[in-house]
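Student: Any chance you could fold what I've pasted below:
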Amino acid sequence: MTEFIYHDPFPLGKDHTRYRRLEGSEQYVSADSFAGTDMLKVAPEALCLLARTALHDVSFFLRPEHNQQVAAILRDPDASDNDRAVALAMLRNAEIAAKGVLPICQDTGTAIVMAKKGQQVWTSCDDAEQLSTGIFSAYTEENLRYSQNSALSMYEEVNTKNNLPAQIDIYAVLGVAYRFLFIAKGGGSANKSFLYQETRATLNPGVLKEFLVEKMKTLGTAACPPYHISIVIGGTSAEANLKAVKLASTKYLDALPVTGNAHGQAHRDTALEQELLQEAWKIGIGAQFGGKYFAHDIRVIRLPRHGASCPIGLGVSCSADRNLKAKIDRQGIWVEELDYNPGRLIPEALRQSKDEQAVGIDLNRPMPEILGQLDQLPVAARILLNGPIIVGRDIAHAKWKELLNNGKPLPDYLQQHPVYYAGPAKTPPGMASGSFGPTTAGRMDSY
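Tutor: From the prediction side, this is the model:
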């Protein structure tokens, strides 16, 4: 007979996250007892306050480690000019966003909450409802974008106008604390999540590495590199694999052991991580249109699997690396400390510098002249646009396509000006626009 041994499938080590306690939050927690066991009573308002704070913070601030990785590109002699130009732009964006007015990305994401509720924690409420209330407050009161569409029928949709619903998953665990992971996941990076149903034949060093490098290439630049890439091999189901992909991309699984065992223990393969990172740097895609920095780092997680299945998942966290840990314990509400002063990482010499290699494009000229100038430039050329543009994304393209389908001509302005695929966040008072940046061009190709 085989002896029964229970083993935590995800044995995470010590949490080294730096937290800050929300001032006055101790009022929302109190101690009690039940059946001789110490209990932590958490007021429903605590969940609302926590979610409101967390979604605000991840919308405007990034982790210090992420910003430091971006800054390191500026110092790397092997980085391309395009790599450095992207890195400098990212740091400038982070500095602006840290003022708390314009969010770090126009796509302020789907709100995702993964929570582990200790069984000695009592809230006396519908936790998901209270968390949703806080998320609602963050998105309606800040300059964030509403991206969630509710289906009225199979083909008809309406924007919910508050960015709800959120994805909220709550797990019961041992303990007297309530722990959280908050994610604001943009559509572009979410779309770069892939599942490959492979077989045991893939699990040998040469084949697996070649397979993974080829799949990494398919990520392209649509989700805003440099990426934090996560790869998961195995899993008790397809959904378990992709859940681990999401968690690995947020660094939530970093404290896993680096070796497996006979009881299904998940572990990181740090050697393969470094091999794949070197390969990612060799691909040549870079941060945008050529260079080294296709990825900041790579996480590779190995899970147990059914003998007839070998799911392999691939995903990314993009340059809007919006992930935040939080917890509620006897002392109050705690949220992860983020980088509130990313401007310190911008070298003074670069603050006033101009991109001398960028080519100016005057958009006030006739379109044939503009196209003629662009035809002379290589794909990797950086350009500075000046003049009128048309702003349109999926819905606008659908309406233009509908005109063509109905035998009607396109508006004249589409013949005269370029189209910028973008959907700004809310416009703050006194500003020309909210956070504003390009969205994935490939989504428009079907139109």
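Student: Only C-alpha atoms from now on, for both contacts and neighbour counts.
Tutor: Will do.
Student: Which parts of this protein are helices?
Tutor: Secondary structure of the chain by DSSP state H: the helices cover 44-60, 64-75, 81-97, 127-141, 187-190, 205-217, 238-249, 270-283, 348-351, 367-375, 394-405, 413-416.
Student: nearest to Lys327, of those helices?
Tutor: Closest to Lys327 of the helices of the chain, according to CA to CA: helix 44-60, at 8.8 Å.
Student: re the thing from before, tell me which of the helices of the chain lies nearest to Leu338.
Tutor: Closest approach to Leu338 among the helices of the chain (CA to CA): helix 64-75, 6.0 Å.
Student: ok, Lys292 to Gly286 distance?
Tutor: For Lys292, the distance to Gly286 (CA to CA, to the nearest Å) stands at 5 Å.
Student: and if you look at Gln148?
Tutor: For Gln148, the distance to Gly286 equals 31 Å [CA to CA].
Student: again with Ser25
Tutor: Distance, Ser25 to Gly286, using CA to CA: 44 Å.
Student: Just to check, Lys117 is in contact with Ala128?
Tutor: No - contact criterion CA atoms under 8 Å: Lys117 and Ala128 do not qualify, at 12.0 Å.
Student: who's more crowded, the two?
Tutor: Higher neighbour count among Lys117 and Ala128: Lys117, with 22 against 16, using other CA atoms under 10 Å.
Student: need the contact list for the spatially closest residue to that one that is not a sequence neighbour.
Tutor: Closest residue in space to Lys117, ignoring its immediate chain neighbours: Tyr178 at 4.6 Å, by CA to CA, 6 or more residues apart in numbering. Going by CA atoms under 8 Å, 6 or more residues apart in numbering, Tyr178 touches 115-118, 121, 327-329.
Student: Let's see if you can find the most crowded of these.
Tutor: In terms of neighbours by other CA under 10 Å, the contacts of Tyr178 top out with Ile328 at 26 neighbours.
Student: list the contacts for that residue?
Tutor: Contacts of Ile328 were listed using CA under 8 Å, 6+ apart, and they are 177-179, 334.
Student: Kindly present those residues as TSV, with separate columns for distance to Asp169.
Tutor: Shown next, in TSV, are these (distance: CA to CA, whole Å):
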residue	distance to Asp169
Ala177	16
Tyr178	13
Arg179	12
Trp334	19
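Student: Which one of those sits in the busiest neighbourhood?
Tutor: Highest neighbour count within these: Tyr178, with 25 neighbours (other CA under 10 Å).
Student: any idea of the pLDDT on that one?
Tutor: pLDDT recorded at Tyr178 is 98.
Student: between Ser25 and Gly286, who's got more neighbours?
Tutor: Neighbour totals were compared for Ser25 and Gly286, and Gly286 leads with 25 against 17 (other CA under 10 Å).
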